[in-house]
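J.: output the structure for:
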Amino acid sequence: MSLNEPTTATSDEATGLVADELDVSIDASEVSSPETAAAEPEVVPSTLDASAPADDGGPAIDPETGEILQPAVVDAEDLIAEVAPYDNPADRPGKWFVVHTQSGYEKKVKQNLEARTSSMNMEGRIHEVVIPLEDVVEFKNGKKVVVSKKMFPGYLLVRCHLDDDSWYVIRNTPGVTGFVGQGTKPSPLRRREVETFLTVKVEGEDAPIRKGKPRMEYELHETVRVKEGPFADFSGEIIEINEDQLKVKVLVNIFGRETPVELEFSQVAKL
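T.: Residues are numbered from 1 along each chain as shown. This next block holds a predicted model:
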(Lines give C-alpha, C1' and ligand atoms only; values in the text may rest on other atoms or scores of the structure.)
Protein backbone atom coordinates (compact mmCIF):
# COMPACT_ATOMS: atom_id res chain seq x y z
CA MET A 1 0.00 0.00 0.00
CA SER A 2 1.29 3.49 -0.91
CA LEU A 3 1.70 6.08 1.80
CA ASN A 4 -0.07 8.64 -0.35
CA GLU A 5 -3.20 6.50 -0.84
CA PRO A 6 -6.16 7.30 1.39
CA THR A 7 -6.80 4.85 4.15
CA THR A 8 -10.21 3.16 3.82
CA ALA A 9 -11.34 0.87 6.67
CA THR A 10 -13.61 -2.02 5.92
CA SER A 11 -16.87 -2.41 7.80
CA ASP A 12 -15.40 -5.18 9.96
CA GLU A 13 -12.43 -3.10 10.82
CA ALA A 14 -14.67 -0.14 11.65
CA THR A 15 -16.77 -2.25 13.92
CA GLY A 16 -13.68 -3.46 15.71
CA LEU A 17 -12.43 0.06 16.17
CA VAL A 18 -15.76 1.20 17.63
CA ALA A 19 -15.74 -1.73 19.98
CA ASP A 20 -12.27 -0.92 21.12
CA GLU A 21 -13.20 2.70 21.72
CA LEU A 22 -16.26 1.76 23.83
CA ASP A 23 -14.48 -1.15 25.52
CA VAL A 24 -17.47 -3.35 24.67
CA SER A 25 -17.34 -6.92 23.48
CA ILE A 26 -19.93 -7.57 20.79
CA ASP A 27 -21.21 -11.04 20.26
CA ALA A 28 -22.47 -11.75 16.79
CA SER A 29 -25.23 -14.00 18.22
CA GLU A 30 -26.67 -10.97 20.06
CA VAL A 31 -27.08 -8.96 16.88
CA SER A 32 -30.31 -9.75 15.10
CA SER A 33 -31.59 -8.55 11.83
CA PRO A 34 -34.84 -6.57 11.57
CA GLU A 35 -36.49 -9.61 10.02
CA THR A 36 -35.55 -11.79 13.04
CA ALA A 37 -36.83 -9.21 15.52
CA ALA A 38 -40.16 -9.05 13.73
CA ALA A 39 -40.53 -12.83 13.67
CA GLU A 40 -39.80 -13.26 17.40
CA PRO A 41 -42.00 -10.85 19.37
CA GLU A 42 -41.31 -10.39 23.03
CA VAL A 43 -43.46 -12.63 25.25
CA VAL A 44 -44.66 -11.18 28.56
CA PRO A 45 -46.09 -13.77 30.98
CA SER A 46 -49.58 -12.89 32.16
CA THR A 47 -51.36 -13.96 35.33
CA LEU A 48 -54.36 -14.74 33.15
CA ASP A 49 -52.36 -16.85 30.75
CA ALA A 50 -52.81 -20.57 31.32
CA SER A 51 -49.27 -21.14 30.00
CA ALA A 52 -47.75 -18.91 32.66
CA PRO A 53 -45.56 -20.58 35.26
CA ALA A 54 -47.45 -22.15 38.17
CA ASP A 55 -47.38 -20.70 41.67
CA ASP A 56 -44.03 -21.37 43.29
CA GLY A 57 -45.57 -21.80 46.71
CA GLY A 58 -44.84 -18.27 47.92
CA PRO A 59 -47.27 -16.14 49.93
CA ALA A 60 -50.51 -15.10 48.24
CA ILE A 61 -50.68 -11.37 47.41
CA ASP A 62 -53.81 -9.26 47.06
CA PRO A 63 -53.75 -7.95 43.48
CA GLU A 64 -55.51 -4.72 44.49
CA THR A 65 -53.66 -3.69 47.66
CA GLY A 66 -50.42 -5.61 47.17
CA GLU A 67 -50.61 -6.89 50.74
CA ILE A 68 -49.63 -10.42 51.67
CA LEU A 69 -52.74 -12.48 52.38
CA GLN A 70 -52.61 -14.49 55.59
CA PRO A 71 -53.85 -18.08 55.33
CA ALA A 72 -57.15 -18.75 57.06
CA VAL A 73 -56.73 -20.34 60.47
CA VAL A 74 -59.33 -23.00 61.31
CA ASP A 75 -59.88 -23.81 64.97
CA ALA A 76 -60.14 -27.55 65.56
CA GLU A 77 -62.74 -26.97 68.29
CA ASP A 78 -64.94 -25.10 65.82
CA LEU A 79 -64.74 -28.02 63.43
CA ILE A 80 -65.69 -30.44 66.18
CA ALA A 81 -68.60 -28.21 67.17
CA GLU A 82 -69.86 -28.13 63.59
CA VAL A 83 -69.56 -31.88 63.11
CA ALA A 84 -70.84 -32.96 66.51
CA PRO A 85 -72.65 -30.07 68.20
CA TYR A 86 -74.41 -32.34 70.69
CA ASP A 87 -73.12 -34.88 73.17
CA ASN A 88 -74.84 -38.18 73.70
CA PRO A 89 -75.90 -38.67 77.34
CA ALA A 90 -75.46 -42.42 76.91
CA ASP A 91 -71.70 -41.85 76.44
CA ARG A 92 -71.18 -39.91 79.64
CA PRO A 93 -69.43 -41.58 82.60
CA GLY A 94 -71.56 -43.84 84.78
CA LYS A 95 -74.96 -45.38 84.13
CA TRP A 96 -78.47 -43.97 84.19
CA PHE A 97 -80.93 -45.20 86.82
CA VAL A 98 -84.61 -44.43 87.38
CA VAL A 99 -85.51 -43.20 90.86
CA HIS A 100 -89.10 -43.06 92.08
CA THR A 101 -90.16 -39.94 93.98
CA GLN A 102 -93.27 -38.46 95.51
CA SER A 103 -95.42 -37.21 92.65
CA GLY A 104 -95.39 -33.44 92.32
CA TYR A 105 -92.14 -33.07 94.27
CA GLU A 106 -89.68 -34.01 91.53
CA LYS A 107 -87.96 -30.62 91.48
CA LYS A 108 -87.62 -30.49 95.27
CA VAL A 109 -86.25 -34.05 95.41
CA LYS A 110 -83.77 -33.17 92.65
CA GLN A 111 -82.53 -30.21 94.70
CA ASN A 112 -82.29 -32.36 97.83
CA LEU A 113 -80.26 -35.04 96.07
CA GLU A 114 -77.89 -32.52 94.51
CA ALA A 115 -77.38 -30.86 97.91
CA ARG A 116 -76.65 -34.21 99.60
CA THR A 117 -74.25 -35.16 96.82
CA SER A 118 -72.28 -31.96 97.38
CA SER A 119 -72.32 -32.03 101.18
CA MET A 120 -71.24 -35.69 101.30
CA ASN A 121 -68.51 -35.23 98.64
CA MET A 122 -70.10 -37.72 96.27
CA GLU A 123 -69.65 -35.70 93.06
CA GLY A 124 -67.22 -38.33 91.78
CA ARG A 125 -69.94 -41.02 91.91
CA ILE A 126 -73.24 -39.18 91.53
CA HIS A 127 -72.87 -37.08 88.40
CA GLU A 128 -76.25 -35.86 87.22
CA VAL A 129 -79.90 -35.66 88.27
CA VAL A 130 -82.48 -35.00 85.56
CA ILE A 131 -86.21 -34.45 85.32
CA PRO A 132 -86.97 -35.70 81.79
CA LEU A 133 -89.13 -33.25 79.85
CA GLU A 134 -90.89 -33.32 76.51
CA ASP A 135 -92.60 -30.78 74.28
CA VAL A 136 -96.38 -31.05 74.20
CA VAL A 137 -98.84 -29.16 72.00
CA GLU A 138 -101.63 -27.53 73.98
CA PHE A 139 -104.43 -25.21 73.02
CA LYS A 140 -105.01 -22.15 75.16
CA ASN A 141 -107.51 -19.42 74.32
CA GLY A 142 -108.01 -20.96 70.92
CA LYS A 143 -104.28 -20.86 70.07
CA LYS A 144 -101.82 -23.68 69.71
CA VAL A 145 -98.84 -23.43 72.04
CA VAL A 146 -95.92 -25.74 72.77
CA VAL A 147 -95.07 -26.29 76.42
CA SER A 148 -92.54 -28.49 78.21
CA LYS A 149 -94.01 -31.11 80.51
CA LYS A 150 -92.62 -33.89 82.66
CA MET A 151 -92.28 -37.04 80.64
CA PHE A 152 -92.61 -39.32 83.68
CA PRO A 153 -94.30 -37.60 86.63
CA GLY A 154 -92.99 -39.05 89.87
CA TYR A 155 -89.62 -40.16 88.46
CA LEU A 156 -86.07 -38.82 88.20
CA LEU A 157 -83.14 -40.05 86.14
CA VAL A 158 -79.83 -40.25 87.97
CA ARG A 159 -76.45 -40.83 86.30
CA CYS A 160 -73.99 -42.36 88.71
CA HIS A 161 -71.47 -45.09 89.48
CA LEU A 162 -73.70 -47.16 91.70
CA ASP A 163 -72.12 -48.79 94.74
CA ASP A 164 -73.08 -49.13 98.38
CA ASP A 165 -72.17 -45.53 99.22
CA SER A 166 -73.89 -43.86 96.27
CA TRP A 167 -76.91 -46.12 96.72
CA TYR A 168 -77.17 -45.03 100.35
CA VAL A 169 -76.97 -41.32 99.51
CA ILE A 170 -79.65 -41.57 96.79
CA ARG A 171 -81.97 -43.96 98.61
CA ASN A 172 -82.00 -41.90 101.82
CA THR A 173 -82.64 -38.56 100.16
CA PRO A 174 -85.91 -37.02 101.43
CA GLY A 175 -88.65 -37.64 98.88
CA VAL A 176 -87.01 -40.67 97.23
CA THR A 177 -89.13 -43.80 97.60
CA GLY A 178 -86.81 -46.22 95.81
CA PHE A 179 -85.05 -47.33 92.65
CA VAL A 180 -86.77 -48.89 89.67
CA GLY A 181 -85.47 -52.35 88.81
CA GLN A 182 -86.06 -56.03 88.96
CA GLY A 183 -86.01 -57.41 92.48
CA THR A 184 -83.87 -55.58 94.99
CA LYS A 185 -81.13 -54.63 92.53
CA PRO A 186 -81.57 -51.40 90.56
CA SER A 187 -81.44 -51.89 86.79
CA PRO A 188 -79.66 -49.27 84.64
CA LEU A 189 -81.35 -47.95 81.53
CA ARG A 190 -80.28 -49.39 78.20
CA ARG A 191 -78.57 -47.18 75.67
CA ARG A 192 -81.65 -46.95 73.45
CA GLU A 193 -83.77 -45.89 76.42
CA VAL A 194 -81.28 -43.20 77.43
CA GLU A 195 -81.21 -41.81 73.90
CA THR A 196 -85.01 -41.83 73.80
CA PHE A 197 -85.58 -40.12 77.14
CA LEU A 198 -82.57 -37.78 77.04
CA THR A 199 -81.09 -36.57 73.80
CA VAL A 200 -79.52 -33.13 73.80
CA LYS A 201 -78.27 -30.84 76.51
CA VAL A 202 -79.21 -27.48 75.06
CA GLU A 203 -76.80 -24.64 75.83
CA GLY A 204 -78.20 -22.57 78.67
CA GLU A 205 -80.52 -25.31 79.95
CA ASP A 206 -80.11 -26.94 83.35
CA ALA A 207 -80.83 -30.44 82.13
CA PRO A 208 -81.05 -32.43 78.93
CA ILE A 209 -84.40 -32.04 77.25
CA ARG A 210 -85.87 -34.44 74.78
CA LYS A 211 -86.22 -32.61 71.48
CA GLY A 212 -88.31 -33.65 68.55
CA LYS A 213 -91.74 -33.15 67.08
CA PRO A 214 -94.04 -31.97 69.87
CA ARG A 215 -96.74 -34.48 70.64
CA MET A 216 -100.41 -33.57 70.89
CA GLU A 217 -102.00 -33.08 74.28
CA TYR A 218 -104.63 -35.63 73.32
CA GLU A 219 -104.06 -38.93 71.57
CA LEU A 220 -106.22 -41.30 69.58
CA HIS A 221 -108.10 -43.93 71.64
CA GLU A 222 -107.53 -41.92 74.80
CA THR A 223 -110.49 -41.67 77.18
CA VAL A 224 -111.47 -38.11 78.08
CA ARG A 225 -114.21 -36.42 80.08
CA VAL A 226 -116.56 -33.83 78.58
CA LYS A 227 -116.37 -30.67 80.70
CA GLU A 228 -119.22 -28.57 79.31
CA GLY A 229 -122.14 -28.57 76.92
CA PRO A 230 -125.08 -30.96 76.68
CA PHE A 231 -122.79 -33.95 77.26
CA ALA A 232 -121.05 -32.57 80.35
CA ASP A 233 -119.63 -35.23 82.69
CA PHE A 234 -119.89 -37.88 79.97
CA SER A 235 -116.70 -39.74 79.14
CA GLY A 236 -115.67 -41.36 75.91
CA GLU A 237 -112.88 -42.47 73.62
CA ILE A 238 -111.22 -40.11 71.15
CA ILE A 239 -111.63 -41.54 67.66
CA GLU A 240 -110.51 -38.53 65.62
CA ILE A 241 -108.35 -35.43 66.15
CA ASN A 242 -108.66 -32.35 63.94
CA GLU A 243 -105.63 -30.25 64.78
CA ASP A 244 -106.43 -27.51 62.28
CA GLN A 245 -109.92 -26.85 63.65
CA LEU A 246 -108.90 -27.56 67.26
CA LYS A 247 -111.56 -30.26 67.62
CA VAL A 248 -111.81 -33.90 68.63
CA LYS A 249 -114.45 -36.51 67.90
CA VAL A 250 -115.37 -38.50 71.01
CA LEU A 251 -117.35 -41.71 71.07
CA VAL A 252 -119.91 -41.07 73.84
CA ASN A 253 -122.33 -43.65 75.20
CA ILE A 254 -125.79 -42.10 74.95
CA PHE A 255 -128.79 -44.21 76.00
CA GLY A 256 -126.83 -47.39 75.51
CA ARG A 257 -125.55 -46.44 72.09
CA GLU A 258 -122.06 -45.14 71.31
CA THR A 259 -122.47 -41.92 69.37
CA PRO A 260 -119.61 -39.86 67.91
CA VAL A 261 -119.72 -36.28 69.20
CA GLU A 262 -117.53 -33.48 67.86
CA LEU A 263 -116.17 -31.24 70.59
CA GLU A 264 -113.65 -28.45 70.87
CA PHE A 265 -110.40 -29.03 72.69
CA SER A 266 -111.52 -26.70 75.45
CA GLN A 267 -114.62 -28.83 76.08
CA VAL A 268 -112.77 -32.00 77.10
CA ALA A 269 -110.25 -32.90 79.79
CA LYS A 270 -107.97 -35.80 80.56
CA LEU A 271 -109.17 -38.29 83.12
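J.: now Arg92. Nearest residue, chain neighbours left out?
T.: Nearest in space to Arg92, with sequence neighbours left out and distances taken as CB to CB, 6 or more residues apart in numbering, is Arg159 at 6.2 Å. Any C-beta I mention is one placed from the backbone N, CA and C, and that applies to glycine too.
J.: what about the one you found, which helix or strand?
T.: Element membership for Arg159, per DSSP states H and E: strand 155-160.
J.: other SSEs contacting that strand?
T.: Where contact means 3 or more CB pairs under 8 Å, 6 or more residues apart in numbering; DSSP states H and E, strand 155-160 is packed against strand 95-101, helix 106-119, strand 126-130, helix 164-171.
J.: where in the stretch 151-271 of the chain is pLDDT low?
T.: Applying pLDDT under 70 to the stretch 151-271 of the chain flags the ranges 182-183, 199-216.
J.: about what we covered before: looking at the helices and strands packed on strand 155-160, spot the one closest to Gly178.
T.: Between Gly178 and the helices and strands packed on strand 155-160, the tightest spacing by CB to CB is seen for strand 95-101, at 5.2 Å.
J.: where along the stretch 151-271 of the chain do the strands fall?
T.: In the stretch 151-271 of the chain, the strands defined using DSSP state E, counting those that start in this stretch lie at 155-160, 176-179, 215-216, 223-226, 235-242, 247-254, 257-264, 268-270.
J.: deepest in the core, which of the ones you listed is it.
T.: With neighbours taken as mean count of other CB atoms under 10 Å, the strands of the stretch 151-271 of the chain reach their highest mean count in strand 155-160, at a mean of 23.
J.: so the strand holding Arg159 versus helix 106-119, what angle?
T.: In this structure, strand 155-160 runs at an angle of 20 degrees to helix 106-119, with axes from the mean of the first three to the mean of the last three CA atoms, to 10 degrees as the basis.
J.: how about CSV for the strands of the stretch 151-271 of the chain, with distance to Ile170 added?
T.: Rendered in CSV, the data for those read as follows (distance: least, CB to CB, whole Å):
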stretch, distance to Ile170
strand 155-160, 6
strand 176-179, 6
strand 215-216, 30
strand 223-226, 36
strand 235-242, 39
strand 247-254, 41
strand 257-264, 45
strand 268-270, 31
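J.: quick one, which of the ones you listed is nearest to Gln102?
T.: Ranking these by distance to Gln102, with CB to CB as the measure, places strand 176-179 first at 6.7 Å.
J.: partner strands of that closest one and their direction?
T.: Applying DSSP bridges to the sheet, strand 176-179 is found paired with strand 95-101 (antiparallel).
J.: list the contacts of the strand it pairs with.
T.: Strand 95-101 is contacted from outside by 89-90, 109, 152, 154-162, 170, 175-181, 186-189, 193-194, 198, using CB atoms under 8 Å, 6 or more residues apart in numbering.
J.: including distance to Leu220 and mean neighbour count, could the helices and strands packed on strand 155-160 go into JSON lines?
T.: Rendered in JSON lines, the data for the helices and strands packed on strand 155-160 read as follows (distance: least, CB to CB, whole Å; neighbours: other CB atoms under 10 Å):
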{"stretch": "strand 95-101", "distance to Leu220": "27", "mean neighbour count": "21"}
{"stretch": "helix 106-119", "distance to Leu220": "28", "mean neighbour count": "16"}
{"stretch": "strand 126-130", "distance to Leu220": "29", "mean neighbour count": "20"}
{"stretch": "helix 164-171", "distance to Leu220": "38", "mean neighbour count": "16"}
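J.: tell me the contacts of the nearest residue to Pro186 once chain neighbours are set aside?
T.: Leaving out its chain neighbours, the residue that sits closest to Pro186 by CB to CB, 6+ apart is Phe179, at 3.7 Å. Residues touching Phe179, when contacts are defined by CB under 8 Å, 6+ apart, comprise 97-100, 167, 170-171, 186.
J.: make it 10 Å
T.: The neighbours of Phe179, taking CB atoms under 10 Å, 6 or more residues apart in numbering as the test, are 97-100, 158, 162, 167, 170-171, 185-187.
J.: for beta bridges, what are the partners of it?
T.: Here Phe179 sits in beta bridges with Val99, as judged by DSSP bridges.
J.: can you give me the distance of it to Asn242?
T.: If you measure Phe179 against Asn242 using CB to CB, to the nearest Å, the figure is 43 Å.
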